[in-house]
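1. following is a predicted model, sequence given first.
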Amino acid sequence: MKAAVISAPNTELRIEERDRPSPGRGEVLIRVRACGVCHGDLMLQLGQFPFARYPIVPGHEIAGTVEEVGKGVEKIRRGDRVGLSALFSSCGGCEQCLDSDEFLCSQMQFTGITQDGGYQEFMVAPAGYVAALPDALDFAEAAPLMCAGLTVFSGLRHAGFEQGDKVGVIGLGGLGHMGVVLVRAMGGRVAVLSTTADKEREARDLGAERFINLKTESPGEALRAWEGGADVILATAPAAEAMMAGFGGLAPNGTMMVLGAPADNIAVSPMDLIMGRRRLMGSPAGSRKDLRDVLRLAATRGVRPKVTRMPLNDAGKALQKMHEGKIRGRAVLVMD
């Protein structure tokens, strides 16, 4: 089989021929049909995860079918449509795991960072951590839901989002466009904040009612003019300056949810925090329950990411295009 491998930090991704693995007890072998290309994969290539294992096959937005079932696996059958998120496994017994916060488990294994991920034609995964894919979802459209969709959905849930809330979305990339689509599907209102003026049409086509150009407008002022400010700001782009400038645009009791990790620290006004009882918080991807819920939402309410399909052989090119900001929506590697 083919596998795309990063051998060490700051090295080019290369395609290798490998023997097809076999599942052990409690595992399944997934024939990968599609795998999304996440900004986290680029961070992995740049050596920004101190806990990463190299050499490594990247990819944690995986959609495929079960090719083989290991011993002890009872509820999954060959041919089942499944997905796997960044949550490869966790200890299962700590307070976080027992409270559906397993992504915060200190022993969590990260798909595509500490365990080989989906930039390959076949991969082994723990049976208990794969999710059933609804038939309504195409493989390439389902793949970005495993991280981009899951991260946004879980972030909104932990930010206290409620139907009717106003949500500012910083950035309109893989995470950002999923933010717009999911907020609209969940009954919210959206303003997109971006440095790219020609993304306004895309933002409005996705359902945003406002577009704020970060190069020509003050994001804080523009958001406060939106009926008193945003109830939630989803900071999906890794841009500390935009986050700091937009924080004051939160309504009282509002929350800025940081989903994209900037290289620089984030500093906000203590008075904005205290006098508005505002919150600045972050959130990783999400639990298995979050994943089941976002897949159900996508299937029943027609949530579909915008994807650019590319072959596995072009995995390195996909990472480079994303780094240059030349991908709209989500790049997805398709194996067939």
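-> In hand now; what should we look at?
2. when you work out contacts or count neighbours from here on, use the C-alpha atoms and nothing else.
-> Will do.
3. skipping adjacent residues, who's closest to R224 in space?
-> Nearest in space to R224, with sequence neighbours left out and distances taken as Cα to Cα, 6 or more residues apart in numbering, is G249 at 5.0 Å.
4. who's in contact with that neighbour?
-> 219-224, 229-230 (Cα atoms under 8 Å, 6 or more residues apart in numbering).
5. in helices, which of the residues you listed fall?
-> 219-224 (DSSP state H).
6. the residue nearest to R224 and R81, how far apart?
-> 42 Å (Cα to Cα, to the nearest Å).
7. what's the answer for S194, then?
-> In this view, S194 and R81 are 36 Å apart by Cα to Cα.
8. next: E221.
-> 47 Å.
9. farthest pair within the ones in helices among the contacts of G249?
-> The span of those, defined through Cα to Cα, is set by P219 and R224 at 8.5 Å.
10. higher neighbour count, the two?
-> P219 (25 against 16; other Cα atoms under 10 Å).
11. report the contact partners of the more buried one.
-> Residues near P219 by Cα under 8 Å, 6+ apart: 193, 212-213, 242, 245-246, 249.
12. what's the answer for G220, then?
-> Residues near G220 by Cα under 8 Å, 6+ apart: 245-250.
13. pLDDT at it, what is it?
-> pLDDT recorded at G220 is 96.
14. that one - nearest residue in space that isn't next to it in sequence?
-> Computed as Cα to Cα, 6+ apart, the closest residue to G220 that is not its neighbour in sequence is G249, at 3.9 Å.
15. relative to I30, how far out is the one you found?
-> 45 Å.
16. got it, and S7?
-> Separation of S7 from I30 (Cα to Cα): 23 Å.
17. mind checking which of the two has more residues around it?
-> Just comparing S7 and I30: by other Cα under 10 Å the higher neighbour count belongs to I30, 32 against 16.
18. secondary structure element holding that one?
-> Using DSSP states H and E, the element containing I30 is strand 27-36.
19. also T255?
-> strand 250-258.
20. can you pull out the strands in the stretch 101-250 of the chain?
-> 109-110, 122-126, 131-132, 166-170, 189-194, 210-213, 230-235, 250-258 (DSSP state E, counting those that start in this stretch).
21. partner strands of the third one and their direction?
-> It refers to strand 131-132. strand 81-84 (antiparallel) (DSSP bridges).
22. now do the strand it pairs with, average pLDDT.
-> Computed over strand 81-84, the mean pLDDT rounds to 98.
23. how many neighbours does the nearest residue to S100 once chain neighbours are set aside have?
-> Once flanking residues are discounted, S100 sits nearest to S287: 6.1 Å by Cα to Cα, 6+ apart. Per other Cα under 10 Å, the neighbour tally for S287 reads 23.
24. ok, S287 - contacts?
-> Counting by Cα under 8 Å, 6+ apart, S287 makes contact with 87, 100-103.
25. will you turn these into CSV that also has distance to F51, neighbour count and pLDDT?
-> Shown next, in CSV, are the contacts of S287 (distance: Cα to Cα, whole Å; neighbours: other Cα atoms under 10 Å; pLDDT from 0 to 100):
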residue, distance to F51, neighbour count, pLDDT
L87, 15, 23, 97
S100, 23, 16, 85
D101, 20, 16, 92
E102, 17, 24, 94
F103, 15, 23, 94
